[in-house]
Structure formats: structure tokens, C-alpha cells
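1. Requesting a structural model of the entry that follows:
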Amino acid sequence: MYKRQSLPFGDQETCTPTPTEHLFTGKERDSESGNDYFGARYYASVVGRFLIPDPLNPVRSSQKVLAQFLDDPQNWNKYSYGLNNPIRYTDTSGNFTGKDHIAMEMTALKQLGYSDRAASIAAKADARMDNFHNMASGVPFLHHFVGTSENPQHGEQADHSDKATAEGAATEFINGKELQAAGQALGGNTTEALEALGQATHTAQDIVRHQFEPAGDHPLGEAKATDAETKAAVAATQQVEQDFEATTELMGHGMGMTDRQISDAINRVKAGPQQ
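-> Numbers count the residues shown, from 1 in each chain. Prediction:
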């Protein structure tokens, strides 16, 4: 039985059965239009393009930041998938790639012995933090459309905030996600632990970039990270991972688990879920 295999730049005829309607990157294909639904917009796999422009554009940005964003010509094309580089970048929501976050997460975790599969799960959870609700909720005026103006997840001052408040909220968010990851790890829920870890490290990476600046001082589409930012963000990511391990050990001992049991739980997370 023939089916169309969904690829980033078009479909290909293959001889495999059709087990599901969820095709390219696990997105659901609309049976009437033949397009894939990404949440923010539809993707036409036959031409390898989104059908409407990227809904996230630079807003309230300084000339310097806007110039950095526009310096990459692929950012100008609001219809392409993954900046025309689907081998390296993914776009899970139809907003934008989160390319720096994915690269930082993969580099940091693989250096610490995480498998490709485990690092990829954490990296995708990391990049998904940059969705419209999370980003807009910290930007003056835009927060009115998403229902909240306080957002600790991106290392910024939200509306009605200040630097000290933002720093405290971001630290609380990271610590909470580390606790969540530890609990999931000890419970044998590897995927959930990696996703919580990816969410925690996203905030740590953003602190390096934003340094608790006012949210309106940078665009919703990030400029490419500099080498110095990348190095610092990878180090921050690895610190979160080390804190996760320490939290897992403390929580495990509190539950009466042996060192071996705790070590096995951490190693299962590093190995990733087994197919």
C-alpha cells in the first residue's frame, strides 16, 4: 500500500502502510486540504512552505537588536520551515525554530553523557518554551491578549516588575522544574523528567541572553546567539543538570532509596526512553 511520506520540503511516495494521520513531525494532517496543522498555522508539505507568514515578528525592539535579527536573511522568509534547514532545526509550533536553544541543549547534555535521544527530548521541550503565550505574556501591551503580564520563564522583567523580582521569579521557576524533573526521574518517568529539565534550562539560557532586561527591549524573534553567549548558556545548562542530579539524590534519600537506585534513575534519564 502506497502512502505519502511527509518530508520538510515535500512529500515522497513510499510503500509503507498508513497507520496514522499524524505525519511530518507528528503533526495532524487535515484530510480535506492535505495540509499539516502546527497550531499557529498550517504547513503545505507538497511545497515545503507554511501557508501564512510567521505570526511572531520583532516588536518594540531597539535598532541594534532589530539589525541583529534581520542580519540572517532566512529570518526574512516568514513562510519557510526551519529557516530552510530542517536537518538541523525544527519548528514544533509554527512560530519559529528555537534554533539556538536546541543547539545549546544538545551540546550541553551530550557533553554530560546524555544520549542523542534524551538530549533531543530535552531540547525540544526547551525550544517549545518560546511559544506565543509565554513570549507575549512578558511584553508590555501584548500581555493583554494572553491574560497575564508576569512571566518568569525568559530572564526578563515583565510588566509591573523590576530586576530583583524577575530574578527571584526565574530562580523559583528553575528550582521548581528541577524538583519536578527529580520526582519524575525517581518515579521512572524518563520523558517527563527530560521535558521538565529542558524547561528549566530554557530559563537559565535566557538569563544569559536577557540578563533581566525589560521584556520590551528585545524582539519576539531572537537574534542569533554570539559565541560568548553560547558558551555561557551551555555552562548554565550544565549547572541546571548538575543541580537536577543533586536534587534527585536528596529526594531519593528522603524516600529511603539506596544510592544504587538513585544512580539508576539518573542514568535512565541520561539514556532516554527505550523504544
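2. and residue 188, what element?
-> Element membership of residue 188, judged by DSSP states H and E, is empty: it is in no helix or strand.
3. Please, where are all the strands along this protein?
-> Assignment of strands within the chain using DSSP state E yields the ranges 3-7, 10-14, 28-29, 36-37, 42-44, 49-50, 156-157, 213-214.
4. where does the chain dip in pLDDT?
-> Applying pLDDT under 70 to the chain flags the ranges 1-25, 55-72, 74-75, 85-99, 131-151, 158-160, 215-225, 275.
5. all helices of it, in order?
-> Using DSSP state H, the helices found in the chain span residues 63-70, 99-111, 116-128, 132-136, 163-186, 190-210, 227-254, 259-271.
6. Spit out the contact partners of residue 27.
-> Residues in contact with residue 27 (CB atoms under 8 Å, 6 or more residues apart in numbering) are 36, 37, 38, 43. Using the backbone N, CA and C atoms, a C-beta is placed for each residue, glycine as well.
7. which among these end up buried?
-> 36, 38, 43 (16 or more other CB atoms under 10 Å).
8. In CSV, list these along with distance to residue 125.
-> Listed next are the buried ones among the contacts of residue 27 as CSV, based on distance: CB to CB, whole Å:
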residue, distance to residue 125
36, 21
38, 17
43, 21
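9. Closest to residue 264 out of these?
-> Comparing the buried ones among the contacts of residue 27 against residue 264 with CB to CB places residue 38 closest, at 37.3 Å.
10. Could you pull up phi and psi at that closest one?
-> Residue 38 adopts backbone torsions of phi -100, psi 0, taken as degrees, to the nearest 10.
11. same thing with residue 129?
-> Backbone torsions for residue 129, taken as degrees, to the nearest 10, come to phi -60, psi -20.
12. residues touching it, list them.
-> Neighbours of residue 129 in contact, by CB under 8 Å, 6+ apart: 98, 101, 153, 154, 198, 199, 202, 203.
13. Compare these and tell me which has the most neighbours.
-> residue 202 (32 neighbours; other CB atoms under 10 Å).
14. Pretty sure it sits against residue 101.
-> Yes: in this structure, residue 202 is within contact of residue 101 by CB atoms under 8 Å, at 6.1 Å.
15. returning to what we had before: turn the contacts of residue 27 into a markdown table, columns for distance to residue 80.
-> Output for the contacts of residue 27, formatted as a markdown table (distance: CB to CB, whole Å):
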| residue | distance to residue 80 |
| --- | --- |
| 36 | 15 |
| 37 | 18 |
| 38 | 13 |
| 43 | 10 |
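16. Between which two of these is the distance greatest?
-> With CB to CB as the measure, no two of those lie farther apart than 37 and 43, at 7.9 Å.
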